[in-house]
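Enquirer: fold the following and give me the result.
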Amino acid sequence: MDTIKCIKERRSIRNYKEEKIPEEDIRKILDCARHAPSANNKQPWEFVVVENDELLEELGSICSYGKFIENCSHCIIVLGKKGEKYFLEDGCAATMNILLSVNALGYGSCWVAGHGKKYEQEVLEALKKKEKKLVSILPIGVPNEKPGKNKKPLEKVTEWVK
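Expert: Numbering: from 1, shown residues only. Next up is the predicted model:
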């Protein structure tokens, strides 16, 4: 898929079919995540792939706006290394690579915020990763919806300083 088309056509998907994504495609997605830019090439991220139905259900109940996690095929959780200066920026870059590669492969996802949320510690405890920092939670599945996208015009969000 063309990169610009992939960026413009990506949507937040919260409704998934009851199909499992092949492990090969999950590995492709993770490989794209690890190729994200990283300050000083520290790569302070860790990716946890959850496909266990009980844990997906628990994560869905923990996350305030993530009930739909219960119904995804897999969930990739992006974690950062505590004490690393740019873990959040680097983790967000990896998150965006995940979202775009998911779309390029024909699947759907939705960025569920993690860092600083009231459920952050509970998610880390469920994953047995209390020594990490939560960046994002990304449920992934075969889309069962095709939402529209209403973006502000470029002129409304851009200022040129010459």
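
Enquirer: and the helices in this structure?
Expert: Ranges of helices within the chain are 3-9, 23-34, 53-62, 87-104, 120-126, 154-157, based on DSSP state H.

Enquirer: of all residues in this structure, which one is nearest the centre?
Expert: In the chain, the residue lying closest to the centroid (C-alpha atoms, centre = their mean) is Leu138, at 3.3 Å.

Enquirer: once you drop chain neighbours, what's closest to that one?
Expert: Spatial nearest neighbour of Leu138, excluding adjacent residues (C-beta to C-beta, 6 or more residues apart in numbering): Ile76 at 4.6 Å. Every C-beta, even on glycine, is put in place using the N, C-alpha and C of the backbone.

Enquirer: my read: Glu120 touches Leu134, true?
Expert: Yes - between Glu120 and Leu134 there is a contact at 4.7 Å, judged by C-beta atoms under 8 Å.

Enquirer: overlap in contacts of those two?
Expert: Shared contacts of Glu120 and Leu134, defined by C-beta atoms under 8 Å, 6 or more residues apart in numbering, comprise Gly114.

Enquirer: of those two, which one has the most company?
Expert: Counted by other C-beta atoms under 10 Å, Glu120 and Leu134 do not tie: Leu134 has more neighbours, with 23 against 18.

Enquirer: hmm, back to that, tell me what the residue nearest to Leu138 is bridged to.
Expert: Per DSSP bridges, the residues bridged to Ile76 are Val49, Leu138.

Enquirer: next, count neighbours for it.
Expert: Ile76: 24 neighbours (other C-beta under 10 Å).

Enquirer: contacting residues around the closest residue to Leu100 other than its chain neighbours?
Expert: Excluding its sequence neighbours, the residue lying closest to Leu100 (C-beta to C-beta, 6+ apart) is Cys6, at 5.5 Å. Cys6 is in contact with 100, 103-104, counting by C-beta under 8 Å, 6+ apart.
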